[in-house]
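Trainee: What follows is a predicted protein model with its sequence.
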Amino acid sequence: MAMRKYCLLFFVVTCLYGCSDYKSESVFITGNIKGLGNDTICVYGVDDFFNFTDTIYVVDDEFSYTIQADTVGQIILCFNHTQTYPVFFDKRDKITIEGNVDCLNKLVIKGNLANESLGTFLWNLECMGKLPPEKRLEAEVDSFIHKNPSSPVSVYLLDTYFVKKAQPDYGKIKQLMEAMTGQLRNKPYVEKLKATIDLSEKAEQGKIVPSFSVPDTNGKKTTYTSLDSKYILIHFWASQDDESRFVNAKLREVNRIYKRRKKQNDKKELSLLGISFDVDKESWKQAIKKDTLAWKQVCDLSGWNSNIVGQYAIEKLPSNILISSTGKVIARNIEWDSLSVKLSKLLKEE
């Protein structure tokens with residue numbers, strides 16, 4: 001009987017200790033965002049919490065949320081499926097969030113130094129009046145990263161103001177990454193970014209892109225060298241990607257203009273080549289037919305596992321690369337309004 005009592009006591013103590021440890025490793029978040037009402041907030045994890053997703057339920061503008069974490073981390077709060085804001089935390093943090101639904105980019109987050117430093121940075125930008133010019137903004141981010149080389153906010157600002165640009169300056173991004181501490185550079189996102197930059201340098205402006213041999217809709221192997229044209233715009237897309245399909249409509253007009261401008265016994269000024277990252281042949285062919293794509297289309301049906309992804313450093317869809325007939329990269333992700341201007345300049349220089 002005494003032995004049973006001791007076993008029961010041991011069990012109770014173990015449970016109490018376990019519960020205490022469970023709470024000690026929790027991050028507690030409470031918030032009050034005026035005007036949010038009874039909405040929901042989507043939660044996405046970053047880096048070590050990459051596969052983490054959840055939903056916060058708001059009641060009368062207020063919410064509370066708990067995360068189990070035994071290390072520093074970051075989540076992204078997504079409001080109305082459009083507006084996002086990061087929250088940085090460490091184990092046992094008690095974080096408060098206050099703000100207004102009309103200014104979700106100006107939340108006041110306390111309880112972790114990283115959140116407060118980001119808030120101060122954004123507030124200082126606000127004090128400049130309207131959003132400063134791009135160069136001034138980048139200079140402010142550059143200064144913050146050099147002054148805060150170990151802060152996770154530095155990675156967030158690098159991603160927001162440098163990486164997500166239409167034409168990222170990878171040389172500058174590498175410089176800013178090198179200013180960070182080893183701990184930050186070992187973060188999964190930063191390691192992946194470095195790998196992406198290494199690939200991008202192989203297909204950056206002025207470099208010669210590798211050739212390829214990919215089947216077209218009839219199964220015939222095709223490469224850019226088989227196109228009789230002075231310049232080639234390679235468009236990377238996929239049938240399931242809505243933005244890709246939207247761009248296809250713009251490309252129809254581009255193709256119509258330059259197809260008409262071919263001179264007799266001369267190369268075309270511009271040819272289009274579509275490379276799809278589809279995995280299903282029928283879906284790919286149906287999209288080509290529905291979007292009336294009258295220029296050469298190729299696909300190896302490997303999706304994002306295609307060798308072309310790495311060879312051409314493709315990070316997102318849709319993407320494009322403008323090359324010469326010899327494979328020299330003229331521009332990456334060129335805007336449609338800039339395409340005709342760029343080509344006119346190139347043709348005059350010949």
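Mentor: Right, received. Where do you want to start?
Trainee: Quick one: classify residue 137 as helix, strand or coil.
Mentor: helix (DSSP: H, G, I helix; E, B strand; the rest coil).
Trainee: part of a strand, is residue 297?
Mentor: Yes - under three-state DSSP, residue 297 falls within a strand.
Trainee: Which pLDDT value belongs to the spatially closest residue to residue 81 that is not a sequence neighbour?
Mentor: Closest residue in space to residue 81, ignoring its immediate chain neighbours: residue 42 at 7.0 Å, by C-beta to C-beta, 6 or more residues apart in numbering. All C-beta atoms are positioned from the backbone trio N, CA, C, and that covers glycine. At residue 42, the model reports a pLDDT of 94.
Trainee: Quick check: beta-bridge partners of residue 42?
Mentor: Assessed by DSSP bridges, residue 42 has beta-bridge partners residue 55, residue 78.
Trainee: Who are the contact partners of it?
Mentor: Neighbour list for residue 42: 53, 54, 55, 56, 77, 78, 81 [criterion: C-beta atoms under 8 Å, 6 or more residues apart in numbering].
Trainee: Farthest pair within those?
Mentor: With distances taken as C-beta to C-beta, the most widely separated pair in the contacts of residue 42 is 54 and 81, at 14.8 Å.
Trainee: neighbour count winner among those two?
Mentor: residue 54 (12 against 8; other C-beta atoms under 10 Å).
Trainee: quick one: pLDDT of that one?
Mentor: With respect to pLDDT, residue 54 scores 94.
Trainee: Mind listing residues that contact stretch 62-74?
Mentor: Stretch 62-74 is contacted by residues 22, 25-32, 41, 43, 45-49, 56-57, 75, 86-91, 152, 156 when judged by C-beta under 8 Å, 6+ apart.
Trainee: Show me what the mean pLDDT comes to for that stretch.
Mentor: 92.
Trainee: same question, stretch 341-349
Mentor: Across stretch 341-349, pLDDT averages out at 79.
Trainee: and if you look at stretch 123-142?
Mentor: 83.
Trainee: same check, this time on stretch 171-187
Mentor: Averaged across stretch 171-187, the pLDDT comes to 94.
Trainee: got it, and stretch 314-330?
Mentor: Taken as a whole, stretch 314-330 has a mean pLDDT of 91.
Trainee: thought residue 142 was touching residue 162?
Mentor: No - using C-beta atoms under 8 Å, residue 142 is not in contact with residue 162; the gap is 9.0 Å.
Trainee: overlap in contacts of those two?
Mentor: residue 176.
Trainee: From the contacts of stretch 62-74, keep the buried residues only.
Mentor: 26-29, 31, 41, 43, 45-49, 56, 75, 86-90, 152, 156 (16 or more other C-beta atoms under 10 Å).
Trainee: Counting only strands, which of the residues you listed make the cut?
Mentor: By the criterion of DSSP state E, membership of the buried ones among the contacts of stretch 62-74 in strands covers 26-29, 31, 41, 43, 45-46, 56, 75, 86-89.
Trainee: Now do the helices in this structure.
Mentor: 2-24, 113-127, 134-147, 152-158, 170-178, 182-185, 188-200, 242-260, 281-290, 307-311, 336-349 (DSSP state H).
Trainee: Nearest residue to the middle of this protein?
Mentor: For the chain, residue 164 is the residue whose C-alpha lies nearest the centre (C-alpha atoms, centre = their mean; 6.2 Å).
Trainee: Next one: it relative to residue 102, how far apart?
Mentor: Distance, residue 164 to residue 102, by C-beta to C-beta, to the nearest Å: 24 Å.
Trainee: same thing with residue 248?
Mentor: Distance of residue 248 to residue 102, given as C-beta to C-beta: 37 Å.
Trainee: out of those two, which sits in the busier spot?
Mentor: With neighbours defined as other C-beta under 10 Å, residue 248 and residue 102 compare such that residue 248 has more, 20 against 8.
Trainee: Can you name the residues bridging to residue 31?
Mentor: Applying DSSP bridges, one finds that residue 31 bridges with residue 63, residue 97.
Trainee: Tell me if I'm right that it and residue 98 touch.
Mentor: Yes - if you go by C-beta under 8 Å, residue 31 and residue 98 touch, sitting 7.0 Å apart.
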